[in-house]
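**Student:** mind looking at a prediction? Sequence and model below.
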Amino acid sequence: MQAEERQHRIAEYLQKVEFASLEELAREVEASVSTVRRDLTILEAGGGLRRTHGGARVVNPRSDEFIFSTRDTHQLAEKEVIGRACADLIRPNQSVIIDAGTTVYHVARYLENKTPQIITNSLPVANHFASANRVEVIVSGGVIYPRLGVLVGPLAVESFSKIHADIAVMSAGGITLDGVTNSHGLLIDIQRAMIAAAQKVIFCLDHTKFGRRSVSAMCDLDSIDIIVTDGRAPEDLVKGLRERGIEVILAAAE
């Protein structure tokens with residue numbers, strides 16, 4: 001592949017996912033990391049993207065699809081009941097990893113009375129507990145990505161690789177009987193480290209995520225202990241997940 005075509009593909013991919021690691025871009029264009037690093041230097045000089053520690057992000061995304069505040073308005077009623085049901089599974093004083101998804105943000109909102117220790121890369125979660133005296137919050141390192149309200153990059157991954165928690169509360173772009181997927185490689189790297197750091201893994205997924213495949217594989221079903229979803233989740237897929245040994249909780253509105 002010629003350099004011009006490779007750089008065009010990198011730019012197009014970044015417009016689609018907004019940010020990506022060097023390794024992810026190298027896989028996408030089938031080139032070495034050092035080659036991609038040189039391509040990014042050229043593309044950054046053109047003003048369309050900005051290099052970050054370990055990757056790159058676009059300067060002017062084409063849509064607001066991934067903005068935290070926009071995503072948090074989607075399936076809001078379902079997120080509320082899922083958040084409450086998941087919080088009920090967490091015992092007082094447990095250490096809890098909370099990822100940067102909007103659904104798990106609603107879990108965090110119900111945890112304060114349990115005086116947990118929260119470990120997160122989510123700026124909205126950290127901000128929610130900023131004045132909560134009963135909650136100890138540990139925030140990962142990393143590069144701030146404002147639109148998503150998240151810390152990303154190698155420092156964030158390293159933060160989670162050095163801790164242990166009782167529970168990880170996770171989100172995803174989609175789930176099928178083949179596994180769990182998400183839309184961003186940089187998020188997936190962090191989420192895998194979160195899963196590895198936790199004794200128990202809970203995924204909070206509204207019904208729209210069932211049967212859906214996002215851009216990249218995150219984990220196998222064997223990594224999941226519990227899924228909390230809403231009552232509109234497809235029965236056949238719920239049954240299939242239960243047959244695989246996963247506890248699936250259908251949250252209901254009070």
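**Tutor:** Cool, the structure landed. Nothing here was measured: the structure is a model prediction, and the numbers come from that model.

**Student:** only C-alpha atoms for contact and neighbour calcs from this point on.
**Tutor:** OK.

**Student:** ok, how many other residues are close to the nearest residue to His53 once chain neighbours are set aside?
**Tutor:** Closest residue to His53 apart from its sequence neighbours, by Cα to Cα, 6 or more residues apart in numbering: Gly153 at 6.5 Å. By other Cα atoms under 10 Å, the residues close to Gly153 number 24.

**Student:** test my guess that Asp189 contacts Ala156.
**Tutor:** No - here Asp189 lies out of contact with Ala156, judged by Cα atoms under 8 Å, at a distance of 9.2 Å.

**Student:** and these two? Which one has more around it.
**Tutor:** Neighbour comparison, Asp189 and Ala156: the larger count goes to Ala156, with 24 against 17 (by other Cα under 10 Å).

**Student:** wait, a helix at the more buried one?
**Tutor:** Yes - per DSSP: H, G, I helix; E, B strand; the rest coil, Ala156 lies within a helix segment.

**Student:** any idea how far it lies from Thr52?
**Tutor:** Separation of Ala156 from Thr52 (Cα to Cα, to the nearest Å): 13 Å.

**Student:** which neighbours do the two have in common?
**Tutor:** Here Ala156 and Thr52 have Val143 as joint contacts, going by Cα atoms under 8 Å, 6 or more residues apart in numbering.

**Student:** name the SS class of Tyr13, please.
**Tutor:** Tyr13 ends up helix, using three-state DSSP.

**Student:** could you dump stretch 20-29 to CSV, C-alpha only?
**Tutor:** C-alpha atoms of stretch 20-29 as CSV (Å, rounded to 0.1, in the frame of the first residue of the first chain):
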residue,chain,number,x,y,z
ALA,A,20,-7.2,5.0,18.2
SER,A,21,-3.9,3.5,19.4
LEU,A,22,-0.9,3.1,17.2
GLU,A,23,-1.3,-0.7,17.4
GLU,A,24,-5.0,-0.4,16.3
LEU,A,25,-4.1,1.8,13.3
ALA,A,26,-1.2,-0.5,12.4
ARG,A,27,-3.6,-3.4,12.2
GLU,A,28,-6.1,-1.4,10.2
VAL,A,29,-3.7,-0.5,7.5
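
**Student:** so how far is that stretch off the chain centroid?
**Tutor:** 18 Å (Cα atoms, centre = their mean, to the nearest Å).

**Student:** what lies in contact with that stretch?
**Tutor:** Stretch 20-29 is touched from outside by 6, 9-10, 14, 32-33, 36-37, 54-57, 153, 184-186, with contacts defined as Cα under 8 Å, 6+ apart.

**Student:** try 10 Å this time
**Tutor:** Residues from elsewhere that reach stretch 20-29, judged by Cα atoms under 10 Å, 6 or more residues apart in numbering: 1, 5-11, 13-14, 19, 30-37, 40, 51-58, 152-154, 184-187, 189, 216.

**Student:** got it, and stretch 39-59?
**Tutor:** In contact with stretch 39-59 (Cα under 10 Å, 6+ apart) are residues 3-4, 6-8, 10-25, 33-34, 36-38, 60-61, 142-145, 152-155, 186.

**Student:** among these, name the buried ones.
**Tutor:** Buried members of the contacts of stretch 39-59, counted by 16 or more other Cα atoms under 10 Å: 6-7, 10-11, 13-15, 17-25, 33, 36-37, 61, 142-145, 152-155, 186.

**Student:** among the residues you listed, which are located in strands?
**Tutor:** Within those, residues falling in strands by DSSP state E are 19-21, 143-145, 152.

**Student:** mind giving me the packing neighbours of the strand or helix carrying Glu4?
**Tutor:** Here Glu4 sits within helix 3-17, counting by DSSP states H and E. The contact analysis (3 or more Cα pairs under 10 Å, 6 or more residues apart in numbering; DSSP states H and E) places helix 3-17 against strand 19-21, helix 22-29, helix 33-45, strand 49-52, strand 55-58.

**Student:** can I get the longest one in PDB, CA atoms only?
**Tutor:** Once non-C-alpha atoms are left out, helix 33-45 reads as follows in PDB (Å, rounded to 0.1, in the frame of the first residue of the first chain):
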ATOM      1  CA  VAL A  33       3.800   0.800  14.200                       C
ATOM      2  CA  SER A  34       6.800   2.900  13.200                       C
ATOM      3  CA  THR A  35       5.300   3.400   9.700                       C
ATOM      4  CA  VAL A  36       2.000   4.500  11.200                       C
ATOM      5  CA  ARG A  37       3.800   6.900  13.600                       C
ATOM      6  CA  ARG A  38       5.500   8.600  10.600                       C
ATOM      7  CA  ASP A  39       2.100   8.800   8.800                       C
ATOM      8  CA  LEU A  40       0.500  10.400  11.800                       C
ATOM      9  CA  THR A  41       3.200  13.000  11.900                       C
ATOM     10  CA  ILE A  42       2.400  13.900   8.300                       C
ATOM     11  CA  LEU A  43      -1.300  13.900   8.900                       C
ATOM     12  CA  GLU A  44      -1.000  16.000  12.100                       C
ATOM     13  CA  ALA A  45       1.000  18.600  10.100                       C
END
